[in-house]
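[1] My questions concern the predicted model and sequence given below.
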Amino acid sequence: MTGAIKICGVKTAEAVDAAARAGATHLGFNFYDASPRLVSTTAAAALSARAPALESVALTVDATDALLDRIVREAAPSLLQLHGSETPERVGLIKSRFGLRVMKAVAIASPADVRHAHTYEHIADVLLFDAKPDALPGGNGLTFDWQLIANEKWSKPWMLSGGLTPDNVAGAIRTTRARGVDVSSGVEKSRGEKDTVLIERFIASARHAFAEHHTI
């Protein structure tokens, strides 16, 4: 995964169009009931159809098989993002049941969390490093100490998340040498409402930083 940019929590055609136009690679659709970014499976399917070249990612939090069944059947994502307390064993069962690639989010606040993240390397297809949860499992606009992962080696592709904005994403890429970034609240004008100008600025900043560090 090189130069990957995921705009997460999209709910409108305008946000999808802005992401696609500016050069995003992934769109994230949130299926967590408590999130202000929640969308229906029908809406997610229609929105992802507007940008078929982008990877459609279904974000769930400790979802039941029944919910995952409905999401896979009705929204047809290309990737499942597991953003809860799913164990490596649960990740493996989900991969086996649905036959889709899985991105496992891991909250990072200490070296112990980094060690914990490594336990998912053998089963997850992509790792996502986020800040420790606040009100929600993700999308809280919080960063973590990027130095914790700056020199870490991973056997699987990974993305950086947690408090990224158009103003700090380039520095985050320089510090961590991330080859993928994920943003939600950092491109919003209000909680859960995306700002197309911020989306375009974020993607431009990330793409410039990727090019600068020869990751695309």
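    Looks like it arrived, so ask away.
[2] State the pLDDT value of the closest residue to residue 186 other than its chain neighbours.
    Using Cβ to Cβ, 6 or more residues apart in numbering and skipping the chain neighbours, the partner closest in space to residue 186 is residue 165 (3.9 Å). From N, CA and C alone the C-beta is placed, and that goes for glycine too. On the pLDDT scale, residue 165 is placed at 96.
[3] which residues sit in contact with residue 165?
    183, 186-187, 198, 202 (Cβ atoms under 8 Å, 6 or more residues apart in numbering).
[4] Check residue 60 too.
    By Cβ under 8 Å, 6+ apart, the neighbours of residue 60 are 31-32, 67-68, 71, 80-84.
[5] From residue 61, how far off is the residue nearest to residue 186?
    23 Å (Cβ to Cβ, to the nearest Å).
[6] how about JSON lines for the contacts of residue 60, with secondary structure and pLDDT added?
    Formatted as JSON lines, the contacts of residue 60 follow (DSSP: H, G, I helix; E, B strand; the rest coil; pLDDT from 0 to 100):
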{"residue": "31", "secondary structure": "coil", "pLDDT": "97"}
{"residue": "32", "secondary structure": "coil", "pLDDT": "94"}
{"residue": "67", "secondary structure": "helix", "pLDDT": "97"}
{"residue": "68", "secondary structure": "helix", "pLDDT": "98"}
{"residue": "71", "secondary structure": "helix", "pLDDT": "98"}
{"residue": "80", "secondary structure": "strand", "pLDDT": "98"}
{"residue": "81", "secondary structure": "strand", "pLDDT": "98"}
{"residue": "82", "secondary structure": "strand", "pLDDT": "98"}
{"residue": "83", "secondary structure": "coil", "pLDDT": "94"}
{"residue": "84", "secondary structure": "coil", "pLDDT": "94"}
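[7] Now for the chain: which helix has the highest residue count?
    Of all the segments assigned as helix in the chain under DSSP state H, the longest by residue count is helix 196-212.
[8] Right, I'll leave it there.
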